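**Student:** no FASTA, just this:
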């Protein structure tokens, strides 16, 4: 009895929708849905009963996978058009929520939705949170009546709400103790491959300079700009400025883009020359400088302004090699302190946790 589901296909659908929802969240956008769906969603995500909103993801996936499934019947013995809601949750939905650090239960079919219940008004009698369950039924009714495009929109809306829920919660950062240079090389590669709008390279570099200051007892003041603060607007010489009293030790610009001669020229005109900076450093995590950029930098060297280009990973790896085991532990502490700031997006924190899991098990 009941209809079978391709769980790998459902996982792929969820991953694609999640990626789209992440992009929308970065732009503070949310897909438009009917008022009845929006009202139901607000109730569900204010509710302390996690099971109802989590089960809705499975309902939407089942509806997209096979429109002949009756999503009010989440147990296979409920009819030829029923589906296995628990297995769909255990193989796809719950692991996905946990992997992405989204607050969730151990499984809706292990808590409020046990004992062969159906998603119908009759079930409400045995439930405590009747308002949230009623909202779930309203949402399911809209899913049942919708065409494929609308179901996709409703799933996108749901997932976006889960991302917003994650943003409100505090993500516990994975801790690591002893780390070898080779392990850190792998960690840095993975972190630099994480889309962050340029934030991850800045955090890594700031952690690196902060670690040098701490380990060697340097009299530095490390000023750095948030990713949403323009250098020109703040009057800063770069993304990071290392000061020793009133003197600039070095100003650092961090980039993921190709460094062209025009960029070097513009940086000199707007930052280096006005701030009388003698030592300017480009950290790059992408392609690096073009040949004409290097030539342009050599021209300014003759004028007394040193401009150098260094791959961020190379600098970090050499520094961590030189600082020894205690220095690497100090770097981890500095980086986690920066990463734990409430302004750092959840996606970056989740990326760290996933990297730690992959590298250290």
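**Tutor:** Perfect, thanks for sending it. Owing to the predicted nature of the structure, the values given are computational and were not obtained by experimental measurement. Numbering: from 1, shown residues only.
**Student:** Ramachandran coordinates for residue 198?
**Tutor:** Phi and psi for residue 198, reported as degrees, to the nearest 10, are phi 90, psi 0.
**Student:** Now name the helix or strand holding the closest residue to residue 52 other than its chain neighbours.
**Tutor:** The spatially closest residue to residue 52, leaving aside those adjacent along the chain, is residue 136, at 4.2 Å (Cβ to Cβ, 6 or more residues apart in numbering). For glycine as for every other residue, the C-beta is placed from the backbone atoms N, C-alpha and C. Per DSSP states H and E, residue 136 falls inside helix 130-145.
**Student:** circling back to that earlier point, ok, the residue nearest to residue 52 touching residue 44?
**Tutor:** Yes - between residue 136 and residue 44 a contact is recorded at 6.4 Å, counting by Cβ atoms under 8 Å.
**Student:** buried ones in the very next helix or strand once past the helix holding residue 136?
**Tutor:** Using DSSP H and E, the helix or strand that follows helix 130-145 in sequence is helix 148-168. Within helix 148-168, the residues that count as buried by 16 or more other Cβ atoms under 10 Å are 151-163, 165-166.
**Student:** can you pull out the helices in the stretch 1-150 of the chain?
**Tutor:** 7-26, 35-46, 50-65, 85-88, 94-99, 130-145, 148-168 (DSSP state H, counting those that start in this stretch).
**Student:** Can you give the distance from the longest one to the centre of its chain?
**Tutor:** If you compare the mean C-alpha spot of helix 148-168 with that of the full chain, they lie 16 Å apart, counting by Cα atoms, centre = their mean, to the nearest Å.
**Student:** before we move on, what about the first one?
**Tutor:** Distance of helix 7-26 from the chain centroid (Cα atoms, centre = their mean) equals 13 Å.
**Student:** could you give the angle of that helix to helix 50-65?
**Tutor:** Interaxial angle, helix 7-26 versus helix 50-65 (axes from the mean of the first three to the mean of the last three Cα atoms, to 10 degrees): 110 degrees.
**Student:** And for the last one?
**Tutor:** Relative orientation of helix 148-168 versus helix 50-65 (the same axes, to 10 degrees): 150 degrees.
**Student:** other SSEs contacting whatever helix or strand comes next after helix 148-168?
**Tutor:** Once helix 148-168 ends, the next helix or strand along the chain (criterion: DSSP H and E) is helix 181-192. Where contact means 3 or more Cβ pairs under 8 Å, 6 or more residues apart in numbering; DSSP states H and E, helix 181-192 is packed against helix 199-216, helix 312-339, helix 346-360.
**Student:** Looking at those helices, which one is packed in the most?
**Tutor:** Stretch with highest mean neighbour count among the helices and strands packed on helix 181-192: helix 199-216 (a mean of 21; mean count of other Cβ atoms under 10 Å).
**Student:** Where in this protein is the helix or strand with the lowest mean pLDDT?
**Tutor:** Ranked by mean pLDDT, DSSP states H and E, the weakest helix or strand in the chain is helix 231-234, scoring a mean of 44.
**Student:** I'd like the next helix or strand past that helix.
**Tutor:** The helix or strand immediately downstream of helix 231-234 is strand 240-244, counting by DSSP H and E.
**Student:** by how many degrees do whichever helix or strand comes after that following strand and helix 199-216 diverge?
**Tutor:** Along the chain past strand 240-244, the next helix or strand (assigned with DSSP H and E) turns out to be strand 247-255. Strand 247-255 runs at 150 degrees relative to helix 199-216, counting by the same axes, to 10 degrees.
**Student:** strands paired with strand 247-255, and their directions?
**Tutor:** Paired strands of strand 247-255, with direction, are strand 240-244 (antiparallel), strand 279-284 (parallel) (DSSP bridges).
**Student:** Could you identify which of these is most buried?
**Tutor:** Ranked by mean neighbour count, the strands paired with strand 247-255 are led by strand 279-284 with a mean of 21 (mean count of other Cβ under 10 Å).
**Student:** Need the mean per-residue confidence for the helix or strand following that one.
**Tutor:** Using DSSP H and E, the helix or strand that follows strand 279-284 in sequence is helix 291-301. For helix 291-301, mean pLDDT rounds to 94.
**Student:** buried set for helix 291-301?
**Tutor:** Neighbour counts using 16+ other Cβ under 10 Å place 293, 294, 296, 297, 300 of helix 291-301 among the buried residues.
**Student:** How about stretch 87-101?
**Tutor:** For stretch 87-101, by 16+ other Cβ under 10 Å, it's 88, 89, 90, 91, 92, 93, 94, 96, 97, 100, 101.
**Student:** can you give me the end-to-end distance of that stretch?
**Tutor:** Start-to-end span of stretch 87-101 (Cα to Cα, to the nearest Å) is 21 Å.
**Student:** Might you calculate how far that stretch sits from the centre of the chain?
**Tutor:** Offset of stretch 87-101 from its chain centre (Cα atoms, centre = their mean): 17 Å.
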